[in-house]
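1. Build me a model from this:
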Amino acid sequence: MTEESGIPDPALSPIIDTSVPHSARMWNYWLGGKDHYPVDRAAGDEFSQAFPDIVNIARLSRHLLARVVRHLAAEAGIRQFLDIGTGLPTVDNTHDLAQRVAPDSRVVYVDNDPLVLTHARALLIGTPEGATDYIEADLRDPDAILAAAAKTLDFDRPVALMLMGIAGYLRDGDEPYAIVGRLVDALPSGSYLAMWDGVNVVTGEALEEAQEDFNEGAGAPAPYTLRSRAEFSAFFDGLEPVEPGVVSVPLWRPDPDPFGSPAEVDALCGVARKP
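-> Below you'll find the model as predicted:
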């Protein structure tokens with residue numbers, strides 16, 4: 001561990017490629033965390049110069065996670081969470097939020113970043129009444145995720161499937177709707193799908209060009225697909241939307257703000273119940 005950064009010394013972590021930026025580490029950088037390397041900061045700065053609002057979206061999405069988990073645990077009574085694409089741990093992770101409401105909550109995290117794996121012990125510290133687990137897997141292999149998650153979660157009881165900022169990494173050729181549908185199909189009635197993702201509903205061509213240039217840049221991490229409002233909403237087909245439906249990230253059940261309603265950003269979210 002390096003004292004100044006709090007991240008593993010790359011010499012002691014040969015599975016972590018510090019020469020190539022990674023989206024989870026870039027996201028941690030935008031959030032103001034310490035779990036990133038120079039290559040991630042350089043890539044993060046490059047993208048934020050082309051699209052400055054990305055830092056705002058990163059922080060707004062973190063606040064969204066808290067509101068969504070509180071709703072699911074406190075109002076919907078959900079006690080099981082499958083969080084895919086969890087990213088690097090920070091303040092108020094899914095298990096922290098859920099177990100604060102219900103100490104017996106069970107949470108399974110899934111990610112494919114080796115650096116997240118090195119932090120798994122931090123993710124696994126939860127309440128003695130509940131359970132937390134971490135699976136190293138890729139969203140493109142839903143069957144492997146479900147098989148591993150079944151060791152901790154009871155798929156005969158409702159589960160909240162959390163896909164927070166991850167579906168954009170599924171290219172159209174990956175059959176993203178089939179992947180999400182496979183995961184939802186494995187859940188019982190009364191389960192929930194919670195998602196947010198970057199879209200292009202505010203900025204227009206400038207964002208499309210910035211994302212395309214970044215995806216094609218040398219050394220860029222996994223490319224990200226910006227979908228339309230209709231394309232994002234299609235992930236919830238067949239499910240019962242929770243009010244206010246599909247909206248911009250800061251507009252989903254916002255906490256009271258004396259300064260009025262927040263402005264929309266290029267990120268949509270939604271929560272829906274499986275009938």
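2. And the strands in the stretch 51-200 of the chain, which stretches?
-> For the stretch 51-200 of the chain, applying DSSP state E, counting those that start in this stretch gives strands covering 80-84, 106-111, 131-136, 160-164, 192-198.
3. immediately after the longest one, which helix or strand?
-> By that I understand strand 192-198. helix 205-215 (DSSP states H and E).
4. who touches residue 90 in this structure?
-> 28, 31, 33, 62 (CB atoms under 8 Å, 6 or more residues apart in numbering). C-betas here are computed from N, CA, C, even on glycine.
5. What segments of this protein are helices?
-> 23-30, 38-50, 54-70, 94-101, 114-118, 120-123, 142-149, 176-185, 205-215, 229-233 (DSSP state H).
6. Identify whichever of those helices lies nearest to residue 165.
-> Nearest of these to residue 165, taken as CB to CB: helix 54-70 at 5.8 Å.
7. Who are the packing partners of the closest one?
-> helix 23-30, helix 38-50, helix 94-101, strand 160-164, strand 192-198, strand 267-273 (3 or more CB pairs under 8 Å, 6 or more residues apart in numbering; DSSP states H and E).
8. again, only this time at 7 Å
-> Helix 54-70 sits against helix 23-30, helix 38-50, helix 94-101, strand 192-198, strand 267-273, with contacts defined as 3 or more CB pairs under 7 Å, 6 or more residues apart in numbering; DSSP states H and E.
9. contacting residues around the second one?
-> Outside of helix 38-50, the residues within contact range by CB atoms under 7 Å, 6 or more residues apart in numbering are 18-22, 25-26, 29-30, 54-55, 210, 213-214, 220-221.
10. Just name the shakiest helix or strand of this structure by mean pLDDT.
-> Of all helical and strand segments in the chain, the minimum by mean pLDDT, DSSP states H and E falls on helix 205-215, at a mean of 72.
11. and the contacts of helix 38-50, which are buried?
-> Buried members of the contacts of helix 38-50, scored by 16 or more other CB atoms under 10 Å, are 18, 21-22, 25-26, 29-30, 54-55, 210, 214, 220-221.
12. out of those residues, who's nearest residue 146?
-> residue 22 (25.0 Å).
13. Need the max-distance pair from the contacts of helix 38-50.
-> 18 and 210 (25.0 Å).
14. low-scoring stretches of this protein, by residue?
-> 1-15, 206, 217-221, 258, 260 (pLDDT under 70).
15. Centre-most residue in it?
-> For the chain, the residue nearest the mean C-alpha position is residue 164 (2.8 Å; CA atoms, centre = their mean).
16. isn't that one right up against residue 65?
-> Yes: the pair residue 164 and residue 65 passes the contact test of CB atoms under 7 Å, sitting 5.9 Å apart.
17. which residues are in contact with both of those two?
-> Counting by CB under 7 Å, 6+ apart, no residue touches both residue 164 and residue 65.
18. Now render the helices and strands packed on helix 54-70 as JSON lines, adding distance to residue 176.
-> Shown next, in JSON lines, are these (distance: least, CB to CB, whole Å):
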{"stretch": "helix 23-30", "distance to residue 176": "16"}
{"stretch": "helix 38-50", "distance to residue 176": "22"}
{"stretch": "helix 94-101", "distance to residue 176": "22"}
{"stretch": "strand 192-198", "distance to residue 176": "10"}
{"stretch": "strand 267-273", "distance to residue 176": "15"}
